[in-house]
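Colleague: sequence and computational prediction follow.
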Amino acid sequence: MKKIATGNKAVAEAVRQAAPGVVAAYPITPQTEIVEQIAEFVTGGLMPTRYIAVESEHSAMAACIGASITGMRTFTATSSHGLLYMHEMTNWAAGARLPIVMANVNRSLGPGWNIWAEHTDALQERDTGWLQVYVSTVQEAYDTILMAFRIAEHNDVLLPVMVNLDGFLLSHIMQPVDTVELGDFIPAIYLPYAIDPKHPAGYGTLTGPDQQFKFRWDIERSMRDSVKVIEETGKDFSKRFGRNYGFTEDYLCDDADVIVVAMGTLGKEAEVAIDLLRKEGIKAGSMRLRWLRPFPKLNLKGKQVVVIDRDYSFGRGGILATEIMAQTKEDLYSVIAGIGGQEVTYDDIAGFVRTRHMGKEFWFGVNAHV
Amino acid sequence: MLKCTSACAGCSDSLALRYVLKAAGPDTVMVVPACCTSVIQGIYPNTAFNVPVYNIAFGAAAACASGMSNAFRAAGKKTNVIVYAGDGGTLDIGIQAMSGAFERGTDFLYICYDNEAYGNTGMQRSGGTPMGAKTTTTPTGKTDAKKDIDAIIAAHDPPYMATACAAYPQDIFKKVQKALTFRGPTFIHILAPCPPGWRYPTEKSVEMGKLAVKSGMWVLYEREYGKVTIGPQSKAAMKKPLPLEEYLSPQGRFKGIDTKVVEILKQRIAKNYQRLAADEEASA
Amino acid sequence: MFEIRIHSRGGQGGVTAARLLAMAALHDGKYATACPFYGAERRGAPIVSFVRIDDKPIKVYSQIRQPDMVVVLDTSVMDTVDVLHGLKKGGRIFINSAGKREFSDFECRNVDLTGIALRENLVVSGSPILNTPVLGALARMGIITAESGKLAIREMFSDERNVKAADAAYKEMSA
C-alpha cells in the first residue's frame, strides 16, 4: 500500500512488521520519531514487543544485548552522540555475535551543537564488527530495515546490522512508501547459542591470548560470508516485492569517464547532477555506496573517481575516499561536503565533477585546494 | 558453583557466591560486569559456574539484565536474572544503569558484593572504600566517606532490599531466597572481606566479616515494602558495640589511621544506627 | 518539477499542509516529497516547509531556492520574512487573506482560510486550522485535484468539517 511517510516513520513501520520481542531505546534528535512511533505501536497493541525506555544509549545497547542472548529479536535506534555513547556496547554486541538491528540517523558531532546530517557518527563505528548500510530514500529505509533483520539473523552471519539514514534530510522528509505484506520473508529467529539455564555455559569469560584471536577471526569470516547473504536477501526481496537493492546503486556508470561516489541522500541527488553533466556532454555516472561493511568490490577500473565524503578523519582524509583508494590504488578527487548538514545541491555536485583535480582534496565552502 | 574456582585464597566473595547460587537454584542466569567474579569463573573454555553466566562490560550489568529479564518474561519464562557486581560496578561506573533498571521496575535481583575497592585491578579506591582505608590510589588513606548506596537504592523504593555479609551464610541464603519471591527489582548488598585488599591473613575472612557487624561498621537489615527490620546480629551489636579499633587494627589497610578519622568513623556508625533504628520504628 | 514553499508560524500546521499536499499529489498519480525546514522549531516562530511535485521520482534533497509557488498561511510573517525570495518569474502566490493583494510579475490569489476555519469551528487550542482548507484553495489553483485533496484530508482526519472547509475555500476563491 502506498503512503506518505517520513524516513523515521517508515523505519518504525518496518520494525513493527518485523515484530522484535524487545526494543530498548533512548530518544535523540533527529531519531526521536522512530522510538515515539514504536512506543505508540507497542502501547496500542500493534506490536508484540516489550519497549524498554532505558536511561541512556549505553544501556539501550546493553539491554538489547541482554535480550538478544536469550534468542529474541531486538531493535534499537539512535543518532550521533547516542551512537558514540553506545560505542563500548556496539563492540560488545558484535563480539558477542548478536543479530541486533539498529537504525542510526546520521548526525554531526558536537561541539557545537549541530543536529544536522553527517556520516562521521556511524563511520566511527566502522571497525566494530557491525554490518553497515546507508540508505537514500524513505522507501529504501523501510525495505532495508526488513532486509537487515533477515541478514543479521541468518546463521551464516549472526552479526548486528546498522541501517543509516541522513538526519532530517531523510529522517524528516515525507516521501511515498509502498509497504509490503511481509509473509515469511524474515524467518523466525534461531540463535544457536541462546542462553539456557538447562545448558549452563559461560559467555564472554576470561579468554587468553591463545584463544581471543579465534573469536575475532570468526567475526571476519562471518563478515565475509555475509556478502552472499546480502546478495541472496536482495534477490529474494526483489522477487517478492519487486524492488532491487545491491551493494551499490549505479547510475549511468557503464560508459562513464568520471564517476561520483557518495553515500545516503547525497548519492541520490548526485544522479540529478549526472543528468545535468550528460546534457553538457560530460560522460559522468554515479555510484551510490549502500553497504560500507562488508565493503564491496567496486567496479571503478579505468574511471576517474570523485568521492564525496560527508565525514572526515582528521589527519588522514575523507573516510570513504580513503576506503576507495585502498581498494583502487588510484588517485581520486576527494570532496568533503555536507558536514554538519551543509547544503549541497545537485548544481554543487555537478560543479565538483567539472572542476575535478585528480589526486587532490577539496573542502566545499573552504576556498582552497589542499 | 563447581569446585576449583580461580579466586584468591580466603576470598569471601567465592563463599558468598556459593550461598547465593545455592539459594537461587538452577533456573538462574547471572549477569556479571567486570569484577573479581569475572576472574573467579575461570578461563575459557572452562567455567566454575553451574548456571549460565553472561559477562558484560563494567557499567552495563543492570541494563543488560534489564533486557534479559524483559526477554525472559516476554517468553513466559520465570528464570531468575541476578546481577552479581562488585562495589565499583555498582556504586561507581554502574550506578546510572542500575538506577535506571530500578526505576523501570525491572524484575531482577541485583547483588552487590562489596570488598570496598577495585580488587580485580589491585585495590584502587572506589566509592565503597571507607574513610581512612589505604588503597593504591589513596596511599595515605581515603579522605572521603563511603558512598551510602543503600540509601540511594532505598530512594528507588524497591519491594525488597537487604544488606548481608559473607560471614553469615544462612542469612545470605534466606535473603536471596526471599528476594527472588518478589516481582520487580530487589537488591542485596553483601560485605565481602578481601584478604589481599584489606591486608589480613587469608584464614580470617569470616572473622573479619563478623567484626564488621559487631563493631557496627556493617549493619545487617532488610527493607521490605518500606518496612525496615534490623537483623538480630546487628541488634545485639547496637546494644553493646565492639570497640571499632578491634575491627580496624587487624587490617593493614587501616594501619596508622589518624585518630581523628577513627572518631569520624565512630560518629558515622552511631548516626547510621540511630537512623536505621528510627526507620525501623517509623515503619513498624 | 513543481516546487512550493509554504510560510507559516510554528504550530499553525504548515508542515501538515505540506504533507497533505504531497499525499494529494500522490493520489493524482504523481510523485511528491514534503519536508519542513530542518531545524529546531519553536511554536510561534516563522517557519517554512517545502513540497516538490513531479511526474517522475524525485531525487533532490537540497532546499528549494527558486520555488514555482509560494503559499503564505499567516500574513504576519511577511513583516519579517521576504516570502517572495527566489520566487521564479511568473511564479504563483497564494495568501490566506480576506483582502486581495497584488504583486507585479506574480500571479497572486487569496482566500480567507482563517475566516472559513472559524466559521466551521475548526479550532484547536485556540488556533484556527489552516492546513486542511488550504488544500481547497490549491485545488482551485490547479496544483492538485479537488478529489485528491479530499482523499488526503480524509486519510489524516476523521472530522468531516476539514473537508467542508476545503470545499468552502475552493468555492470562495476569486476567479
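Modeller: Yep, that arrived.

Colleague: hang on, residue A:271 in a strand?
Modeller: No - checked against DSSP: H, G, I helix; E, B strand; the rest coil, residue A:271 lies outside a strand; its state is helix.

Colleague: quick one: it from chain B, how far?
Modeller: Look at residue A:271 and chain B: by CB to the nearest CB, to the nearest Å, they are 41 Å apart. Quick note: C-beta positions are derived from backbone N, CA and C, even for glycine.

Colleague: average pLDDT for stretch B:271-282?
Modeller: Averaging pLDDT along stretch B:271-282 gives 96.

Colleague: just checking, residue A:340 touches residue A:119?
Modeller: No - the pair residue A:340 / residue A:119 is not scored as a contact, 11.2 Å apart, by CB atoms under 8 Å.

Colleague: check contacts around residue 133.
Modeller: Using chain A here. By CB atoms under 8 Å, 6 or more residues apart in numbering or on different chains, residue A:133 lies in contact with A:144, A:148, A:161, A:162, A:163, A:164, A:290, A:291, A:292.

Colleague: hm, I was asking about chain B
Modeller: B:116, B:117, B:125, B:141, B:142, B:198, B:253, B:254.

Colleague: any chance of these in TSV, with secondary structure and pLDDT too?
Modeller: Formatted as TSV, the contacts of residue B:133 follow (DSSP: H, G, I helix; E, B strand; the rest coil; pLDDT from 0 to 100):
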residue	secondary structure	pLDDT
B:116	coil	98
B:117	coil	97
B:125	coil	97
B:141	coil	97
B:142	coil	97
B:198	helix	97
B:253	helix	98
B:254	helix	98
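
Colleague: quick one, which of residue A:340 and residue A:119 is more surrounded?
Modeller: residue A:119 (30 against 16; other CB atoms under 10 Å in any protein chain shown).

Colleague: chain neighbours aside, what residue packs nearest to residue C:92?
Modeller: With CB to CB, 6 or more residues apart in numbering or on different chains as the criterion, residue C:92 has its nearest non-adjacent residue at 4.5 Å, and that residue is residue C:69.

Colleague: for that neighbour, what are phi and psi?
Modeller: phi -150, psi 150 (degrees, to the nearest 10).

Colleague: show me the beta-bridge partners of it.
Modeller: residue C:4, residue C:92 (DSSP bridges).

Colleague: gap between it and residue C:110?
Modeller: 14 Å (CB to CB, to the nearest Å).

Colleague: need the residues touching each of the two.
Modeller: Residues touching both residue C:69 and residue C:110 (CB under 8 Å, 6+ apart) are residue C:94.

Colleague: so between those two, which is more surrounded?
Modeller: Using other CB under 10 Å as the criterion, residue C:69 and residue C:110 rank with residue C:69 on top: 23 against 20.

Colleague: right, is the worst-scoring helix or strand of chain B on mean pLDDT up against chain A?
Modeller: Lowest mean confidence among the helices and strands of chain B (mean pLDDT, DSSP states H and E): helix B:36-40, at a mean of 93. Yes - with CB under 8 Å from any CB of the partner chain as the criterion, chain A is reached by helix B:36-40 at B:38, B:39.

Colleague: just after that helix, pick out the following helix or strand.
Modeller: Next helix or strand after helix B:36-40 toward the C-terminus (DSSP states H and E): strand B:53-56.

Colleague: tell me the buried residues in that following strand?
Modeller: B:53, B:54, B:55, B:56 (16 or more other CB atoms under 10 Å in any protein chain shown).

Colleague: with stretch B:68-85 instead?
Modeller: B:68-74, B:79-85.

Colleague: in helices only, show me those.
Modeller: Among these, the members falling in helices (DSSP state H) are B:68, B:69, B:70, B:71, B:72, B:73, B:74.

Colleague: any stretches of the chain with poor pLDDT?
Modeller: Went with chain A since none was named. Applying pLDDT under 70 to chain A flags the ranges A:1, A:368-370.

Colleague: the intended chain is chain C.
Modeller: Ranges of chain C meeting pLDDT under 70: C:38-41, C:175.

Colleague: the strands in it, which residues?
Modeller: C:2-9, C:31-36, C:46-54, C:69-72, C:92-96, C:107-111, C:123-124, C:127-128 (DSSP state E).

Colleague: can I get the longest one in PDB, CA atoms only?
Modeller: Okay, so that is strand C:46-54. Extracted in PDB, the C-alpha atoms of strand C:46-54 (Å, rounded to 0.1, in the frame of the first residue of the first chain):
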ATOM      1  CA  PRO C  46       8.100  31.900  11.300                       C
ATOM      2  CA  ILE C  47       8.800  28.600   9.600                       C
ATOM      3  CA  VAL C  48       8.900  27.300   6.100                       C
ATOM      4  CA  SER C  49       8.100  23.900   4.700                       C
ATOM      5  CA  PHE C  50       8.600  22.600   1.200                       C
ATOM      6  CA  VAL C  51       6.700  20.400  -1.300                       C
ATOM      7  CA  ARG C  52       8.000  19.000  -4.600                       C
ATOM      8  CA  ILE C  53       5.700  17.500  -7.200                       C
ATOM      9  CA  ASP C  54       6.800  15.800 -10.300                       C
END
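
Colleague: check the offset of that strand from the chain's centre.
Modeller: 8 Å (CA atoms, centre = their mean, to the nearest Å).

Colleague: packing partners for that strand?
Modeller: With contacts defined as 3 or more CB pairs under 8 Å, 6 or more residues apart in numbering or on different chains; DSSP states H and E, the packing partners of strand C:46-54 are strand C:2-9, helix C:14-27, strand C:31-36.

Colleague: looking at those, which is closest to residue C:44?
Modeller: Closest of these to residue C:44 is strand C:2-9, at 5.5 Å (criterion: CB to CB).

Colleague: and the angle for the closest one with strand C:46-54?
Modeller: Interaxial angle, strand C:2-9 versus strand C:46-54 (axes from the mean of the first three to the mean of the last three CA atoms, to 10 degrees): 160 degrees.

Colleague: follow-up on the earlier one: give me whichever of the strands of chain C is most buried.
Modeller: strand C:69-72 (a mean of 25; mean count of other CB atoms under 10 Å in any protein chain shown).

Colleague: and the helices in chain B?
Modeller: B:12-24, B:36-40, B:61-74, B:87, B:95-103, B:149-155, B:169-179, B:195-198, B:205-215, B:232-239, B:244-248, B:259-283.

Colleague: the stretch 201-350 of chain A against chain B: which residues are in contact?
Modeller: A:201, A:202, A:203, A:204, A:205, A:206, A:207, A:208, A:211.

Colleague: in strands only, show me those residues.
Modeller: A:202, A:203.

Colleague: show me the two of the residues of the stretch 201-350 of chain A next to chain B that sit farthest apart.
Modeller: Largest pairwise distance in those, by CB to CB, is 17.5 Å, between A:201 and A:208.

Colleague: about what we covered before: closest to residue C:52 out of the helices of chain B?
Modeller: helix B:61-74 (41.6 Å).

Colleague: just checking, what packs against the closest one?
Modeller: Packing partners of helix B:61-74 (3+ CB pairs under 8 Å, 6+ apart): strand A:22-25, strand A:50-53, helix A:57-68, strand B:28-33, strand B:53-56, strand B:80-86, helix B:95-103.

Colleague: wait, does the second one contact chain B?
Modeller: The one in question is strand A:50-53. Yes - using CB under 8 Å from any CB, strand A:50-53 reaches chain B at A:50, A:52, A:53.

Colleague: can you pull the contacts of the closest residue in space to the first one that isn't next to it in sequence?
Modeller: Meaning residue A:50. For residue A:50, ignoring the flanking residues on the chain, the nearest one in space by CB to CB, 6+ apart is residue B:70 at 4.5 Å. Residue B:70 makes contacts with A:22, A:50, A:52, A:63, A:67, B:106, as judged by CB under 8 Å, 6+ apart.

Colleague: so who does residue B:87 touch?
Modeller: By CB under 8 Å, 6+ apart, the contact set of residue B:87 is B:112, B:113, B:114, B:115, B:116, B:117, B:126, B:127, B:128, B:149.
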